[in-house]
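Novice: Need coordinates for the following:
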Amino acid sequence: MLDDSHQQLITYGLEYKRITRLNQHLEVYAGGGFGRGFIPETAAGFGMTLRVGAQLEGKIPAAGFLFWPLFFTNWGPR
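Specialist: Predicted structure coming up:
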């Protein structure tokens, strides 16, 4: 048997993510899933995840992040 410092957490499950495009560069998403995790011979349990968020898509120059409010207009840096 391994001592406590060498035990590993093992997880598995199913996840789902739904993406909706708002404009050419901005998407929002929602998702969730169910899973199970366990440490052999020690502990086990079930889990659930829920998440929402936004993500940018496209090629954006690194300097463009300095002017991020202008990203959503047609007159910002390209």
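Novice: Please count neighbours and contacts with C-alpha atoms only from this point.
Specialist: Noted.
Novice: so where does residue 19 fall, helix or strand?
Specialist: strand 10-21 (DSSP states H and E).
Novice: now for that strand, which elements pack on it?
Specialist: strand 26-39 (3 or more Cα pairs under 8 Å, 6 or more residues apart in numbering; DSSP states H and E).
Novice: what's the angle between the strand it packs on and strand 10-21?
Specialist: On the basis of axes from the mean of the first three to the mean of the last three Cα atoms, to 10 degrees, strand 26-39 is oriented at 170 degrees to strand 10-21.
Novice: Now do the contacts for residue 39.
Specialist: Contacts here follow Cα atoms under 8 Å, 6 or more residues apart in numbering; on that basis residue 39 touches 7, 8, 9, 10.
Novice: Show me the beta-bridge partners of it.
Specialist: Here residue 39 shows beta-bridge partners residue 43, assigned using DSSP bridges.
Novice: what's the farthest-apart pair in the contacts of residue 39?
Specialist: Put simply, by Cα to Cα the two of the contacts of residue 39 set farthest apart are 7 and 10, 9.6 Å from each other.
Novice: hmm, back to that, model confidence over the strand holding residue 19, on average?
Specialist: Averaged across strand 10-21, pLDDT comes to 94.
Novice: which outside residues touch that strand?
Specialist: Under Cα under 8 Å, 6+ apart, the answer for strand 10-21 is 27-39.
Novice: who does that strand pair up with?
Specialist: Strand 10-21 has these strand partners (DSSP bridges): strand 26-39 (antiparallel).
Novice: remind me which residues of the protein are low pLDDT?
Specialist: Where the chain drops to pLDDT under 70, the residues are 1-6, 59-65, 67-68, 70-78.
Novice: if you set the cut-off to 50 instead, what comes out?
Specialist: 1 (pLDDT under 50).
Novice: Next one: residue 38 from residue 10, what distance?
Specialist: As for residue 38, its distance to residue 10 is 5 Å (criterion: Cα to Cα, to the nearest Å).
Novice: who has more neighbours, those two?
Specialist: Using other Cα atoms under 10 Å, the more surrounded residue of residue 38 and residue 10 is residue 38, with 15 against 11.
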